[in-house]
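# attaching a predicted model along with its sequence, questions to come.
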Amino acid sequence: EYFDEGLYRMGTRSEKWDACRLEYGENVLPMWVADMDFPSPPAVQEAILARAAHPTYCYTEIMADDDQALIDFWHRRHSLTIAREDITMIPCVVTGLRLAILALTQPGDGVIIQSPVYGPFRMSVEGTERQVMDAPLVRRENGSYDMDLAAIEKQLQAGAKLMLLCNPQNPVSRVWSREELQALLDLLNRYNVPLVSDEIHADFVYAP
């Protein structure tokens, strides 16, 4: 019932609805962006309203309880233990991709991606003056996709300095198995190449 209420979003400066219709017309149904058409949870609305009730909107500081909330969530949801000193808060995943590329490579270095993949992977490489080294996924007859480890190794042999991984993979909807991930890590370790993994869709993975 909550998800079937319907929510009119035109006129809210929505990129999904307003910007899309300005560019492509009103007869287009936008289904291209991770933007849900149902209300935010009441607790979220209430927290924003409570903060907005204070009349000064300042720069905010990341504090210990922010880190602890993240640590507790990942431990509760995924049984993963994260140390506070290993956390850096950033505004979005694309910022994270770009910062990692800047921190781990030099201009002109090759960075491996696996197309088809979320567009900002390629844009983040090109936008930081690095070289895209594509190791495309392999499409099976049934429409599912696999990693091409041979293609990845070819790019490693060509001098790639970093690999970006989308896990679960967007847009082909693959949740990489433990065996696939271990094989990838083993390969990258042989060439001493670091891996940056975008796990933003991790919560779409359910037990087991």
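Okay, I see it. On a predicted model such as this, the values are computed, not experimentally measured, just so you know.

# the residue of the chain most remote from its centre: what secondary structure?
When each C-alpha in the chain is compared with the mean C-alpha position (C-alpha atoms, centre = their mean), residue 55 comes out farthest, at 33.9 Å. For residue 55, the secondary-structure state derived from DSSP: H, G, I helix; E, B strand; the rest coil is coil.

# which parts of this structure are strands?
Applying DSSP state E to the chain gives strands spanning 110-113, 131-134, 138-139, 145-146, 162-166, 195-198.

# next, format the ones you listed as a markdown table and append mean pLDDT and mean neighbour count.
(Glycine included, C-beta is placed from N, CA and C.) Output for the strands of the chain, formatted as a markdown table (pLDDT from 0 to 100; neighbours: other C-beta atoms under 10 Å):
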| stretch | mean pLDDT | mean neighbour count |
| --- | --- | --- |
| strand 110-113 | 98 | 24 |
| strand 131-134 | 98 | 18 |
| strand 138-139 | 97 | 13 |
| strand 145-146 | 97 | 15 |
| strand 162-166 | 98 | 23 |
| strand 195-198 | 97 | 18 |
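
# from residue 103, how far off is the nearest residue to residue 154 once chain neighbours are set aside?
Leaving aside its sequence neighbours, residue 154 sits nearest to residue 135 (C-beta to C-beta, 6 or more residues apart in numbering; 7.3 Å). Taking C-beta to C-beta, to the nearest Å as the measure, residue 135 falls 22 Å from residue 103.

# comparing the two, which residue is more hemmed in?
More neighbours surround residue 135 than the other of residue 135 and residue 103, with 21 against 10 (other C-beta atoms under 10 Å).

# phi, psi for the more buried one please.
Main-chain dihedrals, residue 135, degrees, to the nearest 10: phi -120, psi 80.

# tell me the contacts of it?
112-114, 147-148, 151-152, 154-155 (C-beta atoms under 8 Å, 6 or more residues apart in numbering).

# in PyMOL, select just the buried ones from those residues.
Of the contacts of residue 135, the buried ones can be selected in PyMOL as follows, counting by 16 or more other C-beta atoms under 10 Å:
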select buried, resi 112+113+114+147+151+152+155
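
# which two of the contacts of residue 135 have the greatest separation?
113 and 154 (13.8 Å; C-beta to C-beta).

# show me the shaky parts of this structure.
1-2, 208 (pLDDT under 70).

# got CSV for the strands of the chain, with distance to residue 42 too?
Converted to CSV, the strands of the chain look like this (distance: least, C-beta to C-beta, whole Å):
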stretch, distance to residue 42
strand 110-113, 39
strand 131-134, 43
strand 138-139, 42
strand 145-146, 38
strand 162-166, 32
strand 195-198, 30
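
# which stretch among those comes nearest residue 61?
Ranking the strands of the chain by proximity to residue 61 (C-beta to C-beta) places strand 195-198 first, at 26.3 Å.
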